[in-house]
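Trainee: the following comprises the amino acid sequence and a computationally predicted model.
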Amino acid sequence: MSSMSVDWSDACVLITGGTGSFGRAMTRLLLEERHVRRLVIFSRGEMKQLNMRREFKDHPALRFFIGDVRDLDRLRLAMRGVDVVFHAAALKQVPVAEYNPFEAILTNVHGAANVIRACIDAGVKRIMALSSDKATNPINLYGATKLCAEKLFVAANSYAGGLDTRFAVVRYGNVVGSRGSVIPLFLEKRRTGRLPVTDERMTRFWITLDQATRFTLGCIELMHGGEIFVPKIPSMRIVDLARAIAPGCQCEVVGIRPGEKLHETLVSEDDARTTLMYDNCFIIQPHHHMWDDLGYEPPNGGEPCPDGFRYGSDSNTWWLSAEQIRSLVQADERRYKSDAAEEQPDAEAALSYAGRPVDEPNVENRLEAGRPA
Ligand SMILES: NC(=O)c1ccc[n+]([C@@H]2O[C@H](COP(=O)([O-])OP(=O)(O)OC[C@H]3O[C@@H](n4cnc5c(N)ncnc54)[C@H](OP(=O)(O)O)[C@@H]3O)[C@@H](O)[C@H]2O)c1
């Protein structure tokens, strides 16, 4: 695949939800490897912004903007002079969305629509929204809101009309080391000698934070507008994860929670009909005339998916070995301790958190997840 160039050194980038796991990892990448001219962090919490300012040692390219994606006026102000947007802000905990559906819809759906409106008004050139495997054939409200957001971002290419504003989506699975992942929960429960496992058959896709950010960055350089990019990533059985974290512990089967699936899907059988398969990723193309009107030509090397194809965490051909799971867990344990320190409002704790490495290169290298070449 060839990539369209983005002149990062002259670009102003904005990340909604920039203080989150993805936002901080992307910030490091953009500052250290792309040397962006200006990077705006847009989120609600002032403490998280303060901690991030310290973590990045008051980097001169960084700007912090307090705002809520539910507030269109605030987004319009923030988008002035912005060239590229990563939309990461979301409520992402399945049970939280189940019990607070109005809130999840306001942030994940109305927020997405507001980001689109503000980007079109400000003439932002490229916008990449982050989505999840839970958006594929959703059975919980979180997944349903992410599906709505995906649809909004794909359709937004036609709202932008003749303008040079393009929207695309990246959809991936569980991020190792992100806030609220199952690994910190297992690490905490290890002390009790019993780990709660929902179902012994359960499988999940896994991607590291470094792979997720690099893949997303590659996609924004490659995007034409309207695509949903899906990386090829490994699967893991939840029981294997539990055994790697606490080999001596007893696994207690607690049953699937409301809104949970046994296995996740990144490309459904229906998606597959318009999906091209590459060495390292899938590109789901939209069912839109707009696609042809925009003169889209898919990157070279893509093959249509075979009839009946589905990319599921259970049917995946790539599985993490026990040793790889152990490496991931060790890396995550260190990150988890750092995150716990960050939660403390005390300045010393925040300062000791500053400067910690965002990624563990040894683990990333071993996994070699897909990213567009
Ligand atoms: N983590 C995963 O396993 C995973 C997997 C697939 C896809 N994703 C997607 O990736 C994206 C980023 O995930 P993440 O792990 O980085 O999440 P995260 O660590 O929970 O960060 C979420 C960020 O969004 C901000 N935010 C929340 N509500 C907001 C609002 N109404 N307005 C503005 N900012 C708001 C939060 O800061 P404040 O609370 O201070 O506003 C925080 O900066 C999400 O869209 C998620 O759905 C995540």
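Mentor: Nice, I can see it.

Trainee: and the residue of the chain that's closest to the ligand?
Mentor: The ligand sits closest to residue 20 of the chain, with a gap of 1.9 Å, by Cβ to the nearest ligand atom. In short, each C-beta sits where N, CA and C put it, glycine included.

Trainee: count of neighbours near that residue?
Mentor: 23 (other Cβ atoms under 10 Å).

Trainee: flag every residue of the protein that's near the ligand.
Mentor: With Cβ under 6 Å from any ligand atom as the criterion, the chain meets the ligand at residues 16-23, 43-45, 48, 68-70, 88-90, 92, 107, 111, 130, 132, 172, 174-175, 178-179, 181.

Trainee: restricted to strands, list the residues you listed.
Mentor: Counted as lying in strands by DSSP state E, out of the residues of the chain next to the ligand, are 16, 43, 130, 132, 172, 174, 175.

Trainee: so which residues make contact with stretch 247-262?
Mentor: Stretch 247-262 has contacts (Cβ atoms under 8 Å, 6 or more residues apart in numbering) with 94-95, 98, 139-143, 189-190, 193-203, 239, 242-243, 314.

Trainee: quick one: contacts for the closest residue in space to the residue of the chain closest to the ligand that isn't next to it in sequence?
Mentor: Residue nearest to residue 20 in three dimensions, not counting chain neighbours: residue 88, with 5.9 Å by Cβ to Cβ, 6 or more residues apart in numbering. Listed by Cβ under 8 Å, 6+ apart, the contact set of residue 88 reads 15, 16, 17, 18, 20, 22, 23, 26, 130.

Trainee: grab the nearest non-local neighbour of the fourth one.
Mentor: Okay, so that is residue 18. residue 41 (3.3 Å).

Trainee: now do the SS call for the closest residue to residue 199 other than its chain neighbours.
Mentor: Spatial nearest neighbour of residue 199, chain neighbours left out: residue 256 (5.5 Å); criterion: Cβ to Cβ, 6+ apart. Residue 256 falls in the coil class when you classify it by DSSP: H, G, I helix; E, B strand; the rest coil.

Trainee: ok, back up a step: which among the contacts of stretch 247-262 end up buried?
Mentor: Buried by 16 or more other Cβ atoms under 10 Å: 94, 98, 140-143, 189-190, 195, 197-198, 202-203, 239, 242-243, out of these.

Trainee: okay, now the unreliable bits of the protein?
Mentor: Residues of the chain that meet the criterion pLDDT under 70 lie in 1-4, 288-291, 293-294, 335-373.

Trainee: and the most centrally placed residue in it, what does it touch?
Mentor: For the chain, the residue nearest the mean C-alpha position is residue 130 (4.8 Å; Cα atoms, centre = their mean). Taking Cβ under 8 Å, 6+ apart, we find residue 130 in contact with 22, 86, 87, 88, 90, 169, 170, 216.

Trainee: the first one contacts residue 177, correct?
Mentor: No: counting by Cβ atoms under 8 Å, residue 22 stays clear of residue 177, with 10.5 Å between them.

Trainee: between these two, which contacts overlap?
Mentor: Residues touching both residue 22 and residue 177 (Cβ under 8 Å, 6+ apart) are residue 209.

Trainee: more neighbours, those two?
Mentor: Higher neighbour count among residue 22 and residue 177: residue 177, with 27 against 22, using other Cβ under 10 Å.

Trainee: how near is the more buried one to residue 331?
Mentor: 7 Å (Cβ to Cβ, to the nearest Å).

Trainee: one more: residue 140?
Mentor: For residue 140, the distance to residue 331 (Cβ to Cβ) stands at 28 Å.

Trainee: do residue 203 as well
Mentor: Counting by Cβ to Cβ - residue 203 and residue 331 are separated by 21 Å.

Trainee: before we move on, what about residue 182?
Mentor: 15 Å.

Trainee: what distance do you get for the residue nearest to residue 20 to residue 213?
Mentor: With Cβ to Cβ as the criterion, residue 88 and residue 213 are 10 Å apart.

Trainee: what do you get for residue 121?
Mentor: On the measure of Cβ to Cβ, residue 121 and residue 213 end up 27 Å apart.

Trainee: compare those two (neighbour count), which wins?
Mentor: Taking neighbours as other Cβ under 10 Å, residue 121 and residue 213 compare with residue 213 leading, 26 against 15.

Trainee: check which element follows whichever strand or helix holds that one along the chain.
Mentor: Using DSSP states H and E, the element containing residue 213 is helix 209-222. Sequence-wise, the next helix or strand downstream of helix 209-222 (DSSP H and E) is strand 228-231.

Trainee: dump that following strand to CSV, keeping only the CA atoms.
Mentor: What follows is strand 228-231, C-alpha atoms only, in CSV (Å, rounded to 0.1, in the frame of the first residue of the first chain):
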residue,chain,number,x,y,z
ILE,A,228,-13.3,1.3,8.1
PHE,A,229,-9.8,0.1,8.7
VAL,A,230,-9.4,-3.2,10.7
PRO,A,231,-5.9,-4.4,11.7
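
Trainee: since that was my last question, I'll sign off now.
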